[in-house]
Each structure stands twice: as structure tokens, then as C-alpha cells.
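Novice: Pasting the sequence and the predicted coordinates here, then a few questions.
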Amino acid sequence: MKLVIGNKNYSSWSLRAWLLLHAFKLPFEEIRVALSTLATSDHLKAFSKAAKVPVLLDGELVVWDSMAICEYVSETYLGGQAWPAAPIARAHARSVAAEMHSSFTALRSQMPMNCRASNRKVPMTAELQRDIKRIDELWTELRETHGHNGQFLCGDFSIVDCMFAPVAFRCNTYGAPLSAPAQSYVHTLLKLPSMQQWLADARAETEVIAEDEAG
């Protein structure tokens with residue numbers, strides 16, 4: 001497999017797909033395309049007409065969108081094990097992952113992912129506060145209901161954790177106000193070896209995307 005990603009410091013959608021492959025120790029070739037340049041769109045169109053990251057190439061197959069990539073990888077290479085085994089937990093995890101995929105616009109726009117930054121402060125608007133509160137609720141509910149004393153949202157690491165990995169970096173960068181259980185989950189994600197590898201790679205990058213340098 002080949003995975004096309006953007007800048008590791010800024011590309012939250014790239015992180016989600018990359019993290020699943022890396023955490024489950026699946027072999028893949030990483031193709032990095034710098035974002036927000038005059039040539040970015042042309043470079044990405046060579047892999048997918050959507051001209052966005054991430055893109056998974058598996059032989060002749062092209063899969064774009066992080067959720068679709070995670071689903072394909074789980075079904076094809078992991079026997080479905082990238083989701084919780086219990087049907088109720090799996091359905092709950094899928095619902096929460098889908099909500100992350102389609103919601104939280106204030107968080108995305110006002111707290112852009114910037115892995116290597118720290119001690120950034122942004123105005124805590126009502127919309128941003130609602131997004132953070134809802135995420136806190138989702139994390140707490142999943143861990144209490146399906147965590148079974150595990151560190152991750154449904155016990156073992158799964159796709160739903162991949163979907164929230166960029167949020168963990170955001171919370172670390174901007175000091176988002178969280179409950180103690182939610183803060184514990186952020187620490188769990190940030191300590192994951194694959195997350196540490198992504199962060200090290202992000203810190204080694206030199207590009208700066210001005211619109212994502214908030215705070």
C-alpha cells in the first residue's frame with residue numbers, strides 16, 4: 001500500500017489514516033505532498049481527482065477520505081479488528097466516529113491542528129466551547145460504557161481513536177478546558193508510540209502554513 005498525506009504538522013485528515021496503518025504495523029509507503037502551495041492541487045490530482053489528502057493506493061485501487069481508508073484497511077487487512085468486536089460497542093464507536101467526521105466546525109476552524117506548537121491561546125467562543133464540551137461528553141461516555149478498564153475509547157485502540165487523534169494534538173496545543181477523564185484520554189493518545197512518531201516528524205518539517213498558525 002501507498003498512503004498520500006500532507007504536512008504532518010497541519011494535516012489532521014492525513015493523521016487519521018496514517019495512524020491506523022502505523023499503529024497496526026501494516027507495511028506501507030508514505031508519499032508526502034506539501035499543502036497550501038501553488039503546485040499542491042496538481043500534485044494531488046496525480047493520485048485522486050478529489051485533489052485532497054489522504055489517498056490510499058493499493059494496487060489499482062484508489063481510496064480517498066480518511067474514514068473510507070480506515071474502513072477498507074480494517075476489512076481487507078485486519079479482519080475487521082480495527083473496530084470493537086462487540087456489536088453494540090462497534091455501533092456506538094461508528095456513530096461517534098461519524099460525528100467527528102462531520103461535525104465540530106468551530107474546533108476545526110478556530111483551533112487548527114498544529115502539532116509542534118504549544119501554549120497557544122485562542123478566544124473561547126460559545127461555538128468552540130460547545131464543541132469541546134460535546135467531545136468531552138463523547139470521550140467520557142465511550143470509556144465508561146465500553147472501555148472495560150482499557151486506556152482507549154472502547155478498550156483496545158481502534159478507528160474511533162484515530163478519528164480523535166488530531167483533537168488530542170489540538171487540546172495539547174491550545175490547552176483546551178477538559179474534564180479529568182477527558183484529559184486522561186488525551187494523555188493516553190499522546191503517549192501512543194505512533195503519535196510520538198508523527199509528532200517527531202512534524203517537528204522536523206520546515207514549512208509554515210500561515211492560516212493554520214492560530215494563537
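Specialist: Great, that's in hand. Numbering: from 1, shown residues only.

Novice: burial count for C70?
Specialist: C70: 27 surrounding residues under other CB atoms under 10 Å. All C-beta atoms are positioned from the backbone trio N, CA, C, and that covers glycine.

Novice: Secondary structure element for it, which one?
Specialist: Using DSSP states H and E, C70 maps to helix 66-77.

Novice: same question, A97
Specialist: helix 87-102.

Novice: Mind listing what's buried along that helix?
Specialist: By neighbour count on 16 or more other CB atoms under 10 Å, the buried set for helix 87-102 is 89-90, 92-94, 96-97, 100.

Novice: which helices and strands sit right next to that helix?
Specialist: In this structure, helix 87-102 packs against helix 66-77, helix 126-146, helix 159-174, with contacts taken as 3 or more CB pairs under 8 Å, 6 or more residues apart in numbering; DSSP states H and E.

Novice: Buried deepest among these, which one?
Specialist: Compared across the helices and strands packed on helix 87-102, helix 159-174 shows the largest average neighbour count, a mean of 25 (mean count of other CB atoms under 10 Å).

Novice: Determine the set of other helices and strands touching whichever helix or strand comes after that one.
Specialist: Proceeding N to C from helix 159-174, the next assigned helix or strand is helix 180-191, under DSSP H and E. With contacts defined as 3+ CB pairs under 8 Å, 6+ apart, helix 180-191 has these neighbours: helix 126-146, helix 159-174, helix 193-204.

Novice: could these go into CSV alongside distance to S74 and mean pLDDT?
Specialist: Below are the helices and strands packed on helix 180-191 laid out as CSV (distance: least, CB to CB, whole Å; pLDDT from 0 to 100):
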stretch, distance to S74, mean pLDDT
helix 126-146, 17, 97
helix 159-174, 7, 98
helix 193-204, 16, 98
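
Novice: And these: which comes nearest A117?
Specialist: Of all the helices and strands packed on helix 180-191, it is helix 159-174 that lies closest to A117, at 5.0 Å by CB to CB.

Novice: D212: how many residues sit nearby?
Specialist: 17.

Novice: Next, the contact list for it, please.
Specialist: Residues in contact with D212, defined by CB atoms under 8 Å, 6 or more residues apart in numbering, are 10, 112-114.

Novice: Swap in 10 Å and give it another go.
Specialist: D212 sits next to 7, 9-12, 35-36, 112-114, 117 when contact means CB atoms under 10 Å, 6 or more residues apart in numbering.
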